[in-house]
Every structure is written in structure tokens, then in C-alpha cells.
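Visitor: Sequence first, predicted model second:
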Amino acid sequence: MDSSKSNESTTSGLQDRNSAVDDEEQPELCPGFKDVDVFVKYGLGAVLSATKASAGLPQAGDEYDFYRSFPGFQEFCESQGDKLLHCMSQIMQHHGCRSHMRDRNKLTGLEERFDLVVDSNDVILERAGILLDEAEGVNRSQQPVMPAGFQPPKIVVSSWNRKGSGSGIRSEMFRLLHAKNVARPQLKFKEKVDNSNTPFVPKIFIKPNAVKPLPTCNIHFISKPEDLDVPAALADFIHQQRTQEHVDDMFAHPYQYELDHLTIPESLLSKPEIQMYKPIVEIKCSFVDALEDLVALNEKLCKLSEFAVDLEHHSYRSFLGLTCLMQISTREEDFIVDTLELRNEMYILNEAFTDPAIVKVFHGSDSDIEWLQRDFGVYVVNLFDTHQASRALNLARHSLDHLLKHFCNVDADKRYQLADWRIRPLPDEMVQYAQTDTHYLLYIYDCMRAQLLDFNHGQPGLLQSVWNKSKDISLKKYVKPIYTEESYLELQRKQKKSFNTQQLTAFRLLFAWRDKLARQEDESTGYVLPTHMMSKISEELPKEPQGIIACCNPVPPLVRQQVNELHLLVQQAREMPLLKVRKDGFHQLLYVNAITNLFIFFLLKETETKNDQKSLSVAQMKSIGIIESFENPFRMVNDK
């Protein structure tokens, strides 16, 4: 018994001694921390201390500005800020993220640093989540065990970040360039974009295939007054006033006469011989970005009887929008035209696009026709719109992807439908997407013409109606957005919010500020200040600039830069008399009534002293009747 106890004590002593030796030999996790628990406990304490210290700093506003006036406090803040940025950069470099945190040379440095921090946080948190899952035994790379015969539903991650989703092909992920990383093509345009608040004047100065000559007011467009540094449209206005030319000719559709007298030949109203398209992988696709290639393309098109056209557009980082790409397909070849590079030379294609003997096949061309006029001065004569043909055939859907599936059994890939087409050079995937939009269109054009005739028992009436509707689209004229003092009312009514006079004044002032800045910076109004944010600011009427920032999530860059100016506009609105406004937003009626009553009161002050109305003139009696018909606006408000 005693010997067994002694053996047990000896064994336990040896184990304790061995464990002590192991503790001494076990390396530390990092200098000063023997294991993870100690490190985490210290880290949480440090974060807690830093949070308490940051709460004790002077708050933004008057208190911070007061302390900031002392050089010692300013130097201390700058030194600590540099240390923090250095630490953040080291952490971001450790995780393989972009880390130019201390670059202050750029005007948008603060915004870019904020974006870097957000992106790095996403990366770090994602990695931390993966590691925690692996620590718990969860492996994201493994597929879950499913019952036999189960087919999981297809999940679309997004519209443009997944490719190769076909059977047997491993899905690959890729990331397109974001808009802020793309150089603004407007900077390289030979002719500056005209965002002035003046009507659009057609850019055409040479009229191929003309039956009626181009008016002289359009011909002199290229010879602007040399003594005026004004936008092109304004220069034409001045020249028109000098020469006293008729305004209607200046804004008329250049091919109005040709389109009005266009007749569709019998060959296009009879049943066609359907020509099968060639496989897209076997056909040549040429990228056109040089003047000589554009001239050669125009010469090829002029020899054809039909070709298909489509455009890719960008509207977010431009006030009027930019046509970035043109796709053209013939029976034998596809072309991708870089319209940003050849913007000032695209008018060359008017020779083919306005030839009445050549059919131009579009799909949903309403916007395309206007973009061609606005950016290039290109017009279309003899258009066939497959969207109008789809409506005439009463198809289930009228989109291009439905026509591709219905007629060609091709599944359209719409991942790049909302892509930024200003990207240069274009990725191969985007080029293939653009090529698909027109490659099959001529075959669809043949099939739809045949079906339109069969649908109408061989009579050309239904087919003729499609040609007529397509011609009406060709007659559309681009209308430039014009700002007026009442422009905000239509947008405000769409918000379906009941504003008082202060809120409606703020909405009006912000609308005018947004329109002016968007024209100056050549940005869309949605980029400058989205409508829902503008409505939120108008509704809240923040007293401080920080309140304006709080109404925006995320904060638009131009709002952050000019928040003080926006604050002044909100303050101006808050100084307005607070009156209730009807839901339709026409609060001006209250002011008009009050001012009109006051004006007529002074005008007829003498007549009010006369009791006998028989001695009044007819005009004075009418004025009294007008006064009696007006309702006191303040009484109207109180009655509400």
C-alpha cells in the first residue's frame, strides 16, 4: 500500500516537472505574449483605452476649431495623424491591399483614402470570417452533401462579375474597372461638350444623299464667330440674330424632306429569302479606332443593301451622356467602332446611314437615333426597327435577348448591359458581348419580315406599318435639357411628398445648384446629388453642414466639397415664411394672390372712395370684380 502511494507521488512529481520544462521550452506567440489568450486580452484593453481617449478629444465644431487655433495642438494632431496613417498603411500592406494612405497631393485624397479603408476592411473581415469558419471545421470550398437527384437553383451573383457559367465549365470571377478609375474621355475631345442652357442645334454641315439642300443656317455651323468664346449652340444663336435667319430652319430635322418622301420598294414588302447567319466564332470582327479604318468601313457599307447597328451609351459621368461604342454587322463581317476616339469623324458614316437604298436594322432605336444626332450629327434614312416588328407580331416579350432566343436559340449574356463602356482598352468579354448585339440581327430581320407577311395572309399592310413606325423614329429630334425656374416642380410632384414653403424653397434652390454644377463639371445630376438625397435634405432642413452630410449615404464627392454652399442654401430656405403648401407644390399661387391684391388695391385706391359704381369706367368695374374673385391666401392657409 505504502509503496503504491509512493510510486503515484513520484509519477505525479515527474509529470509536474516535465510540464514545467515544456512551458519553459514552448516558444512565445510573439514577444511579450505567451499565447493567443494573453494577446487578445491585451489587444481588447488597448482598443478600449483608445476608444475612451478618442471620446475625450474636442468635438468637431466650435470646440475643435478653438483648440485648433493653438499651434501646439495643431502640430500634435498632425503628428498623431501621420502615425495612425502609417500604422494603417502597414496593416493594409500586410494584407496585400493598396495602401497609399499618406498621399495628400490629390484634391480628392480624403475620399480616396476613405475608399481604401473601406476596401481593406472588407478584405480583412472576409479573411477573418474564413479563418473562423475553418477553425470551427467549416470549409467553404467544399460543396454540401445533397440528396440524390437534387438540382440546386442557379444563383446570379451580379450582372457582370461572373462568366463561364455553362455546364462543365468552371465559373471564373473577375472585377471590372470602376467608373472612378476610368480617365474621362471628355478631356480628349477636340470639340468641348456644350452643356450650356441653350437649345440643341443640329451638328450636320455636309448632307450626303440630299434631295433638299441643307439650310444655310446649318452650313455656317462650322464657321463660328471667331471673336466670341462661347459654346457652339450659343454662337449659332448670335449668328442667327446677326443675319436675321429663320429660326425654324436652324432647328429643323435635316432629313425631314427625304424621310417624308421616302417610299419602300416592293422588294422590301415581299417575302424575303432568309439568309442564315454564320457562327460568331467563324466570322471576322474588326475594331475600328483610326480614321482610315472608318473611311474604309463607310466604303464597304455603301456597297451593301442592309446592315445592322447598335450603340453602347454611358450617362452617369456626363451631363448629356456619351456614346461610347458603335456595333455594325454585315452578312459577312462584324465591326466595333470606338466612337470616343473617332467622335469628331463619325459624320463620315452619314453617306451610308442616309442612303435610302440601304436598310439600317436597329433594335429599340428610339434613344439610338437621338444619340447619333447629339454626338456625331449622324442621321438615319430607311430604318427597320425589330422592336416595332416584335410588337406587330405580338411576341411574348420584345427585348433583344428574347428575339435571340426565339429566332436563333441563343442565350443572351446580359452581364455587361450596365457596364462602363468608357473603359479602354475594352476587355475581350465586353467586345464579345457588343458583337452579339448585332451579329444575329440581320437574320432576325429576315425572319420577322417573313412572319409579318404570313401573319397578315401575305398582304404587306402589317409589314408596311412597321416601316412607317420605324420612319417616325428616324424623324425624332434630339431635345437638349433646358433649365427654367419651374423645372423643379415636375420632379417635386413625382416625389409625392407634401412640403411646406421652407422645404419647397430648399428643393428649388438645391435643384438649381445641382443643375448648374452638373453642367459646369459635365457630370450627371444623379452623380452630383441624387434626387432622393436632395429630397431628404429639403425635408430635414439641417441646421449644420454635418446634417447635410448625414442625409447622404454614401456622400457624393461634389456634395462633400461644396457642403458649405449647400448649407447656405438651406439657411436661405429656412428664412422663408412658414406656410402650408398644397400637395401639388404650387405655393407660388399664394404669393401671386397676395401681390396681385396689393397691386390692384393701390391701383384702385381712388375708386374705392366713390360710392356710386355707375360713375366707374368699364375697366375699373372689371378690376373690382377681379378683387372680389380673389381669395385671401392667408385665409386659405388658416382654413386648411
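Guide: Great, that's in hand. Numbers count the residues shown, from 1 in each chain.
Visitor: Quick one: low-confidence residue ranges for the protein.
Guide: Applying pLDDT under 70 to the chain flags the ranges 1-27, 29, 60-62, 98-112, 136-181, 217-248, 580-620, 622-640.
Visitor: Which residue lies nearest the spatial centre of it?
Guide: Most central in the chain under C-alpha atoms, centre = their mean is Tyr316, positioned 2.7 Å from the mean C-alpha point.
Visitor: What is whichever strand or helix holds Asp310 packed up against?
Guide: For Asp310, the element it lies in under DSSP states H and E is strand 306-314. Counting by 3 or more C-beta pairs under 8 Å, 6 or more residues apart in numbering; DSSP states H and E, the packing neighbours recorded for strand 306-314 are strand 322-329, strand 359-362, helix 366-376, helix 428-439, helix 441-455. All C-beta atoms are positioned from the backbone trio N, CA, C, and that covers glycine.
Visitor: I'd like the distance between Ser452 and Val36.
Guide: If you look again at residue 452, you'll see it is Leu, not Ser. For Leu452, the distance to Val36 equals 74 Å [C-beta to C-beta, to the nearest Å].
Visitor: When the two are compared, which one has more neighbours?
Guide: Taking Leu452 and Val36 together and counting by other C-beta atoms under 10 Å, Leu452 has the greater number of neighbours (22 against 10).
Visitor: burial of the closest residue to that one other than its chain neighbours, as a residue count?
Guide: Closest residue to Leu452 apart from its sequence neighbours, by C-beta to C-beta, 6 or more residues apart in numbering: Leu463 at 4.3 Å. The tally of other residues near Leu463 (other C-beta under 10 Å) stands at 25.
Visitor: Put the alpha carbons of the helix or strand where Leu463 lies into PDB.
Guide: Here Leu463 sits within helix 461-474, counting by DSSP H and E. Coordinates of each C-alpha in helix 461-474 appear next as PDB, following Å, rounded to 0.1, in the frame of the first residue of the first chain:
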ATOM      1  CA  GLY A 461     -50.100  46.000 -94.800                       C
ATOM      2  CA  LEU A 462     -48.700  44.900 -91.400                       C
ATOM      3  CA  LEU A 463     -45.100  45.000 -92.700                       C
ATOM      4  CA  GLN A 464     -45.700  48.500 -94.200                       C
ATOM      5  CA  SER A 465     -46.900  49.700 -90.800                       C
ATOM      6  CA  VAL A 466     -43.600  48.600 -89.200                       C
ATOM      7  CA  TRP A 467     -41.700  50.500 -91.900                       C
ATOM      8  CA  ASN A 468     -43.900  53.600 -91.200                       C
ATOM      9  CA  LYS A 469     -43.300  53.400 -87.400                       C
ATOM     10  CA  SER A 470     -39.600  53.000 -88.000                       C
ATOM     11  CA  LYS A 471     -39.600  56.100 -90.200                       C
ATOM     12  CA  ASP A 472     -41.400  58.000 -87.400                       C
ATOM     13  CA  ILE A 473     -38.500  57.100 -85.100                       C
ATOM     14  CA  SER A 474     -36.000  58.300 -87.700                       C
END
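Visitor: Share the number of residues neighbouring Thr51, please.
Guide: Thr51, neighbours per other C-beta under 10 Å, totals 9.
Visitor: and if you look at the one 5 residues further on?
Guide: Here the number of neighbours of Gly56 (other C-beta under 10 Å) works out to 6.
Visitor: distance of it from Leu44?
Guide: 19 Å.
Visitor: Helix or strand: which one has Phe287?
Guide: Going by DSSP H and E, Phe287 is part of strand 284-288.
Visitor: Sheet-wise, list the partners of that strand with their directions.
Guide: If you go by DSSP bridges, strand 284-288 pairs up with strand 333-338 (parallel).
Visitor: Which is the succeeding secondary structure element to the strand it pairs with?
Guide: helix 350-353.
Visitor: Using CSV, write out every CA atom in that following helix.
Guide: Output of helix 350-353 as CSV, limited to C-alpha atoms (Å, rounded to 0.1, in the frame of the first residue of the first chain):
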residue,chain,number,x,y,z
ASN,A,350,-23.7,59.7,-92.9
GLU,A,351,-23.0,58.7,-96.5
ALA,A,352,-24.1,55.1,-95.7
PHE,A,353,-26.6,55.9,-92.9
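Visitor: ok, and what's touching it?
Guide: 204, 206-209, 298, 301-302, 307, 358, 360, 372, 377-381 (C-beta atoms under 8 Å, 6 or more residues apart in numbering).
Visitor: and if you look at stretch 452-471?
Guide: By C-beta under 8 Å, 6+ apart, the list of residues contacting stretch 452-471 reads 259, 262, 264, 268-271, 365, 383-385, 388-389, 392-393, 449.
Visitor: Identify the spatial nearest neighbour of Ile336, chain neighbours not counted.
Guide: In space, Ile336 is closest to Phe287, 4.9 Å off (C-beta to C-beta, 6+ apart).
Visitor: my read: Tyr347 touches Ile206, true?
Guide: Yes. Between Tyr347 and Ile206 there is a contact under C-beta atoms under 8 Å: 6.9 Å.
Visitor: And the two? Which one has more around it.
Guide: Tyr347 (19 against 14).
Visitor: pull the longest helix from the protein.
Guide: helix 109-135 (DSSP state H).
Visitor: just to revisit the earlier point, can you pull the buried residues of the helix holding Leu463?
Guide: Across helix 461-474, burial judged by 16 or more other C-beta atoms under 10 Å covers 462-463, 466-467, 469-471, 473-474.
Visitor: The residue nearest to Ile336 touches Leu342, doesn't it?
Guide: No. Contact between Phe287 and Leu342 fails when scored by C-beta under 8 Å: they sit 11.5 Å apart.
Visitor: quick one, which of those two is more surrounded?
Guide: Ranked by neighbour count (other C-beta under 10 Å), Phe287 and Leu342 place Leu342 first, with 20 against 14.
Visitor: Can you name the helix or strand that Lys494 falls in?
Guide: helix 487-495.
Visitor: other SSEs contacting that helix?
Guide: helix 501-521, helix 531-540.
Visitor: Any idea which of these gets closest to Val118?
Guide: Nearest to Val118, of all the helices and strands packed on helix 487-495, is helix 531-540, at 19.0 Å by C-beta to C-beta.
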